[in-house]
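[1] Please work out how this folds:
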Amino acid sequence: MTRLPLLALALLPLGLYGAGCSVTPAPAEAAAPPNVIVILVDTLRADKLGAYGYKQRASSPNLDAFAKGGLVWENVISQNAWTVPSVASLFTGVDPQAHRALNFKQGEQLATDTISNEHDTLAESFKGAGYSTMAYIKSTVISTSHGYSQGFDKFEIVGGKDQAWGYSARDLNDVAIPGIKAAHASGKPFYAYLHFMDPHSPYKAPEPWYSKYKGSYAGPMDGAHVQLEAAFKAGTVTPADWAHELALYDAEIEYWDTEFGRLWKELEAAGVTKNTVVVLTADHGEAFGEHQNVFHGNLYQENIHIPVIIRGPGIKPGRMAADAQSIDIAPTLAELYRLPKGRVWQGKSMAAAMAGGAGHSDVLYSEYAGHRAAIEASTRLKLILGDGACKLYDLKADPLERSNLCASRPADVARLKAGMDARFAAAQAIGKTYGQGKADAVSPEQCEMLKALGYLDASEPCEAIKNDDDGHDK
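    The predicted structure is shown next:
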């Protein structure tokens with residue numbers, strides 16, 4: 001990244017109570033810049049949270065209470081349906097074809113794509129504005145890829161091999177809470193990124209949450225990823241099995257929510273929250289039989305509609321209906337807190353929409369393994385290409401994407417495809433200019449964890465991985 005000059009620290013964030021107005025006080029009255037914490041909850045579906053209308057189970061009481069004091073972005077789309085490209089887009093403000101962190105490459109060694117150091121990251125923007133920067137991460141796939149640590153003074157992968165289940169959220173909090181408190185005590189503004197692994201499969205929350213949600217179910221499913229995947233491929237998952245798996249997913253959410261409540265309470269007691277903005281989001285969602293899919297790996301709303309909730313000083317509580325994307329988070333924070341902006345960020349600031357104004361009119365875009373989706377903000381029409389037959393949905397009238405309109409509305413298909421193609425081409429042009437970092441080899445232990453998470457075939461030995469140069473996500 002090309003370093004930009006440090007900005008003056010004594011600046012207030014842009015005012016959110018008027019239509020994008022801001023007031024800069026005299027230097028003697030200038031307030032300290034706020035700290036910012038971005039919390040990413042892996043595999044968290046927006047529509048399974050009370051703050052987004054979920055009523056079947058009260059599995060997110062702490063997050064729902066947090067949301068009442070913050071601004072809920074109602075319609076946010078992730079740029080990819082799995083972690084590596086999605087988080088890369090969040091960090092860099094560009095689409096997957098631009099940062100090119102897309103695949104597990106399989107050559108002599110298993111290796112992951114990496115983000116070029118030429119890209120400008122959100123952490124680098126905070127660092128360029130004088131913030132100390134830190135990351136506490138539970139995700140194995142982030143830890144095995146180069147490029148994500150750009151701009152972080154501290155980048156810590158928390159825990160050992162057991163990163164996807166057990167007391168994962170507790171372990172992360174045990175490290176992150178003292179780290180954040182120490183950063184707060186230093187008196188220097190800080191930016192922290194926390195990446196929780198729950199509720200990613202396997203859906204095996206610790207007790208008492210697992211038993212609470214298991215209920216009277218007596219079938220074969222116990223939340224294991226490999227078990228559900230095998231049954232799904234065999235076509236033997238029953239409605240009762242699906243209901244049980246969803247309940248276990250909710251158990252994971254409630255366990256994480258309990259730890260989120262602990263995080264917020266401890267930071268509040270330490271005085272951290274008084275001058276700290278918290279952004280809560282996810283990398284993607286999860287499918288439980290909808291559209292004949294399981295886990296994450298398609299572009300239906302259950303997989304790409306993600307939560308974004310922002311709370312802190314200067315953030316007016318409420319709800320924002322304007323459409324947004326995960327790549328919009330970095331430019332939004334950059335505008336609000338006067339950070340250096342990335343040279344080629346494709347995302348757009350939502351600061352005006354947060355203040356009650358209109359959002360941007362860009363096509364909302366997501367992709368996965370050669371599949372592409374585009375949503376037109378003005379009409380809420382959604383086009384999916386590359387995943388079998390053409391699919392066109394009216395998300396206003398058909399939010400569950402059940403009625404395919406492709407055959408009856410060719411003009412809409414052509415218009416959305418043009419927007420999709422333009423977005424794809426723009427990202428590819430950036431990717432060719434910026435290049436790609438050197439792939440990072442994966443250790444046998446990390447390979448086994450990737451298999452446990454379902455990213456690699458469980459039957460394939462890690463030391464005998466075959467070549468696969470098809471350019472598709474794994």
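[2] what's the neighbour count on the closest residue to Ala374 other than its chain neighbours?
    The spatial neighbour of Ala374 that comes closest, neighbours along the chain excluded (CB to CB, 6 or more residues apart in numbering), is Met420 at 3.9 Å. In short, each C-beta sits where N, CA and C put it, glycine included. Per other CB atoms under 10 Å, the neighbour tally for Met420 reads 21.
[3] Ok, Thr83 next?
    Using other CB under 10 Å, the number of residues around Thr83 comes to 26.
[4] you'd agree it is up against Glu286?
    No. Here Thr83 does not reach Glu286: they are 11.9 Å apart, not a contact under CB atoms under 8 Å.
[5] got the contact list for the strand or helix carrying the residue nearest to Ala374?
    Using DSSP states H and E, Met420 sits within helix 410-434. With CB atoms under 8 Å, 6 or more residues apart in numbering as the contact definition, helix 410-434 has outside contacts at 94-100, 116, 118-119, 344, 346, 362-363, 365, 367, 372-374, 376, 379, 381-383, 385, 390, 392, 405-406.
[6] can you do 6 Å?
    With CB atoms under 6 Å, 6 or more residues apart in numbering as the test, helix 410-434 has contacts from 94-95, 97-98, 100, 116, 118-119, 344, 363, 365, 372, 374, 376, 381, 383, 392, 406.
[7] what's the answer for stretch 380-398, then?
    Around stretch 380-398, the neighbours that count as contacts under CB under 6 Å, 6+ apart are 299, 370-375, 401, 404-406, 412-413, 416.
[8] do that again at 7 Å, thanks
    Stretch 380-398 has contacts (CB atoms under 7 Å, 6 or more residues apart in numbering) with 298-299, 370-375, 401, 403-406, 409, 412-413, 416-417, 420.
[9] Filter those residues down to just the buried residues.
    When the contacts of stretch 380-398 are checked for burial by 16 or more other CB atoms under 10 Å, the buried set is 298-299, 371-375, 401, 405-406, 409, 412-413, 416-417, 420.
[10] Tell me the one among these nearest to Ile310.
    Using CB to CB, Ile375 comes nearest to Ile310 of the buried ones among the contacts of stretch 380-398, at 21.4 Å.
[11] Wait, that closest one touches Ser78, no?
    No. If you go by CB atoms under 7 Å, Ile375 and Ser78 don't touch, sitting 11.8 Å apart.
[12] can you map out the helices along the stretch 201-350 of the chain?
    209-214, 225-234, 239-269, 301-304, 329-336 (DSSP state H, counting those that start in this stretch).
[13] Show me the one of those that comes nearest Ala182.
    helix 239-269 (12.2 Å).
[14] which other helices and strands contact the closest one?
    For helix 239-269, the elements it packs on are helix 61-68, helix 168-185, helix 209-214, strand 287-288, judged by 3 or more CB pairs under 7 Å, 6 or more residues apart in numbering; DSSP states H and E.
[15] average pLDDT across it?
    The pLDDT scores in helix 239-269 average 97.
[16] Check which residues of that helix are buried.
    So for helix 239-269, counting by 16+ other CB under 10 Å, buried means 241-264, 266-267.
[17] what do you get for stretch 50-60?
    Within stretch 50-60, the residues that count as buried by 16+ other CB under 10 Å are Gly50, Ala51, Tyr52, Tyr54, Arg57, Ser59, Ser60.
[18] Which helix or strand in this protein has the lowest average pLDDT?
    strand 104-106 (a mean of 61; mean pLDDT, DSSP states H and E).
[19] Can I get stretch 342-358 in CSV? Just the C-alpha atoms.
    Output in CSV follows, covering the C-alpha atoms of stretch 342-358 (Å, rounded to 0.1, in the frame of the first residue of the first chain):
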residue,chain,number,x,y,z
GLY,A,342,-8.2,3.1,-0.7
ARG,A,343,-7.1,4.1,-4.2
VAL,A,344,-9.4,1.7,-6.0
TRP,A,345,-12.1,0.8,-3.5
GLN,A,346,-15.2,-0.2,-5.4
GLY,A,347,-17.4,0.2,-2.4
LYS,A,348,-19.3,3.4,-1.7
SER,A,349,-19.8,5.3,1.5
MET,A,350,-23.2,4.8,3.2
ALA,A,351,-22.8,7.9,5.4
ALA,A,352,-25.5,9.8,3.6
ALA,A,353,-27.9,6.9,3.9
MET,A,354,-27.1,6.5,7.6
ALA,A,355,-28.1,10.2,8.0
GLY,A,356,-31.5,9.6,6.3
GLY,A,357,-30.4,10.3,2.8
ALA,A,358,-30.5,8.0,-0.3
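[20] contacting residues around that stretch?
    Residues from elsewhere that reach stretch 342-358 (CB under 7 Å, 6+ apart): 14, 16, 18-20, 71, 92-95, 98, 120, 125, 320, 322, 324-325, 327-328, 330-332, 335-336, 359-360, 362, 426-427, 430.
[21] buried sites along it?
    Of all the residues in stretch 342-358, those buried under the rule 16+ other CB under 10 Å are 342, 344-355.
[22] which ones are touching the residue nearest to Trp82 when sequence neighbours are not counted?
    Using CB to CB, 6+ apart and skipping the chain neighbours, the partner closest in space to Trp82 is His296 (5.7 Å). Contacts for His296 (CB under 7 Å, 6+ apart) come out as Thr43, Ala81, Trp82, His284, Gly285, Glu286, Ala287, Asn303.
[23] Max pairwise distance over those: which two?
    Using CB to CB, those span at most 12.0 Å, a distance reached by Trp82 and Ala287.
[24] tell me, what residue is most central in this protein?
    The centroid of the chain falls nearest to Asp283 when counting by CA atoms, centre = their mean (2.2 Å).
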